[in-house]
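S.K.: Show me the folded form of this:
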Amino acid sequence: MFRPKMFRSIRSASDRGFTLLETLVALIVLVVGVLATAALAAHCMSTSRQSKYMSLAAELASEKLEDLSRWDVDSPEVCVPVGSSSVGSLTSDFLQTTTCPPPLSSCTSTAGNSDVVNYYDDVSISTVITGSNSPCPSTTYGCFSETVSTIQNGSTVYATTVHPPSGQIQTLPSSSTPPTLVTFHRRWIIEGNTPVAGVSSICLAGTRRVTVLVTLMDLSVQPPVTIQMSTVRP
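M.R.: Numbering: from 1, shown residues only. As a prediction, this is how the structure comes out:
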């Protein structure tokens, strides 16, 4: 008779299951684990997104430096006016009529070329281009487009260039309507040659260094995406 009682006692203790406290502790551990996993996943997605835009910003900064490097030193797009050490700005949108110094070979007081120059622009990026004017009707073909803003006669004009995998670059008709795409804002500053004692500033006129700052306009990407690059011209 003693053994059956002992057996029943042990069996009843094993059949009790978990207590309420044990269940709550298990739920807390589970919730903490799920929240930590969700936070890690969100962080990875945010980091991946930011890295993508940082890469694009670097490419756009390099692209602008190359674009400015193709101009001759006496072109208003890259020259520094006489009496100024730099032109353009990295902190504000800068637009002015720039008059270049005379050609370096003459060193005269006669002014050089002059034109209205904007030292900033907006660049919108897209991988989806549709329409009869486009060689890339969908992202299946790996198409890439770039819309750059310019100032013409006081108005902002947007010019789109399509870069398909075939290499047949196509420029679409300009538009006055800004695109609703991922947009980067670029500003640049052009610094002149360092003055030399005893040498006329006109004879030293010329571009020394170009610096470009690119900022992503989408503030939902945190931390903000911004990159700055410089190049020294010969």
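
S.K.: Ser166 - how many residues pack around it?
M.R.: 12 (other CB atoms under 10 Å). In this view, the C-beta of every residue, glycine as well, is placed from N, C-alpha and C.

S.K.: Quick one: classify it as helix, strand or coil.
M.R.: coil (DSSP: H, G, I helix; E, B strand; the rest coil).

S.K.: For the nearest residue to Thr171 once chain neighbours are set aside, give me its contacts.
M.R.: In space, not counting the residues next to it along the chain, Thr171 is nearest to Thr161; the distance is 5.3 Å by CB to CB, 6 or more residues apart in numbering. By CB atoms under 8 Å, 6 or more residues apart in numbering, the contact list for Thr161 reads 145-148, 169-172.

S.K.: Kindly report the same for Leu181.
M.R.: Counted by CB under 8 Å, 6+ apart, Leu181 has contacts 124-126, 147.

S.K.: if we go to 10 Å?
M.R.: Contact partners of Leu181, counting by CB atoms under 10 Å, 6 or more residues apart in numbering, are 123-128, 145-147, 160.

S.K.: Just the pLDDT for it.
M.R.: We have a pLDDT of 83 for Leu181.

S.K.: which residue is nearest the middle of the chain?
M.R.: Note on the chain: the residue nearest the mean C-alpha position is Ala57, at 2.8 Å, using CA atoms, centre = their mean.

S.K.: Could I have the PyMOL command that selects the buried members from the contacts of Thr161?
M.R.: In PyMOL syntax, the buried subset of the contacts of Thr161 is picked out as below (16 or more other CB atoms under 10 Å):
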select buried, resi 145+146+147+148+170+172
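
S.K.: what helix or strand does the residue nearest to the centre of the chain sit in?
M.R.: Using DSSP states H and E, Ala57 sits in helix 20-69.

S.K.: moving C-terminal of that helix, what's the next helix or strand?
M.R.: strand 86-88.

S.K.: Sheet-wise, list the partners of that next one with their directions.
M.R.: Strand 86-88 sits in its sheet next to strand 182-192 (antiparallel), going by DSSP bridges.

S.K.: mean confidence score for the helix or strand just after the strand it pairs with?
M.R.: Using DSSP H and E, the helix or strand that follows strand 182-192 in sequence is strand 207-216. Mean pLDDT, strand 207-216: 90.

S.K.: mind checking how far strand 207-216 is from the chain centre?
M.R.: 12 Å (CA atoms, centre = their mean, to the nearest Å).

S.K.: Packing partners of that strand?
M.R.: Using 3 or more CB pairs under 10 Å, 6 or more residues apart in numbering; DSSP states H and E as the contact test, the elements touching strand 207-216 are helix 20-69, strand 86-88, strand 182-192, strand 226-232.

S.K.: what do you get if the cut-off is 7 Å, keeping everything else the same?
M.R.: helix 20-69, strand 182-192, strand 226-232 (3 or more CB pairs under 7 Å, 6 or more residues apart in numbering; DSSP states H and E).

S.K.: closest to Ser89 out of these?
M.R.: strand 182-192 (5.9 Å; CB to CB).

S.K.: Next, the angle strand 226-232 makes with the closest one.
M.R.: 30 degrees (axes from the mean of the first three to the mean of the last three CA atoms, to 10 degrees).

S.K.: Strand 182-192: which residues count as buried?
M.R.: Neighbour counts using 16+ other CB under 10 Å place 182-192 of strand 182-192 among the buried residues.
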